[in-house]
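Peer 1: quick one: sequence plus predicted model below, questions after.
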Amino acid sequence: MDSNNLVNKLIQQGKLPSEVYKYIRINESLLKTLINAEIWFPSPLRFNDPFDCQLDDQTIWTEDLIREYLTTISNGENLDIDKIITERKFSPDSFSEYYTATQRKITSKKGVTCFTNRPCNMLMWGHYADSHQGVCLKFDITKDTSDFFKFTFKVQYLKNYPQIDFLKDRNCAAKIIMTTKSDYWKYEDEIRTIKECGDKVYPFDKQSLKEIIFGINASEINIKTIKNICKSNGYVDLKFKKVNIKPKSFKIEIIDI
């Protein structure tokens, strides 16, 4: 199954929305994003939550499991497996710590960019869109003809620390680590796209960008600049909208501009 069919299947199963949103401040980075049709994928080490992508392994390691794992990862290298086991048998948690550290090294090399499910999240506008001076980009995943959204998943929010057996789940450990967070962050309703290498940009399909929504406090100069950039760089059927305060309420709405 190719990547686009896989993503469409997840959408049909209700595991992914067909449209995702990205809150972002207006700066040189955003202008480059629109000019070059590319998005920055930072390493998870740059995230603002110290627990994010830092989950601990909780495998109950036995000598047989350690031997099996080391044999699997040796790839023909001359590992002294008996020595490693001997060094760790008096410290039951040491191999779990070793495996956690190894998995974190793997995870730290990945690239992750974050989206959300809703364009009217007041906290997201305040936290990630420069106190409502920024924008929210709307992408239609189904319009992407590239592999940009190939590995896209909803974040799972948990009240209690997860009991994750990295050995049992080793084929999808990186995904679990990068899509599991404390429910303190549940308000973000986050969706993540994961790439193999972090701290680099990846191109997206221009036809998948469907709307640019400006915050309540976005300046007219910035609105005009962004409109002109999009007009000059081949975006098709791109709509421009703006957040508006609903009278006599603590709610916002999105209007055409």
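Peer 2: Sure, I can see it.
Peer 1: C-terminal to the helix or strand harbouring Ile39, what's the next element?
Peer 2: Assigned by DSSP states H and E, Ile39 belongs to strand 38-41. Per DSSP H and E, the first helix or strand lying C-terminal to strand 38-41 is helix 63-73.
Peer 1: what does the helix or strand just after that following helix contact?
Peer 2: Downstream of helix 63-73, the first helix or strand assigned by DSSP H and E is helix 81-88. Outside helix 81-88, the residues that touch it by CB atoms under 8 Å, 6 or more residues apart in numbering are Glu63, Ile66, Arg67, Leu70, Thr71, Ser74, Ser94, Phe95, Tyr98. For glycine as for every other residue, the C-beta is placed from the backbone atoms N, C-alpha and C.
Peer 1: where does the stretch 1-150 of the chain have low pLDDT?
Peer 2: 1-4, 76, 89-90, 92 (pLDDT under 70).
Peer 1: if we use 50, what do you get?
Peer 2: For the stretch 1-150 of the chain, applying pLDDT under 50 flags the ranges 1.
Peer 1: residue contacts, Ser74?
Peer 2: Ser74 neighbours (CB under 8 Å, 6+ apart): Ile81.
Peer 1: quick check, Asn244 in a strand?
Peer 2: Yes: if the criterion is DSSP: H, G, I helix; E, B strand; the rest coil, then Asn244 is within a strand.
Peer 1: next up, the contacts around it.
Peer 2: Ile216, Ile252, Glu253, Ile254, Ile255.
Peer 1: repeat for Gln133
Peer 2: With CB under 8 Å, 6+ apart, Gln133 has these contacts: Arg25, Ile26, Gly215, Asn217, Ala218, Ser219, Asn222.
Peer 1: what's the answer for Ala218, then?
Peer 2: Per CB under 8 Å, 6+ apart, neighbours of Ala218: Ile26, His132, Gln133, Gly134, Val135, Lys242.
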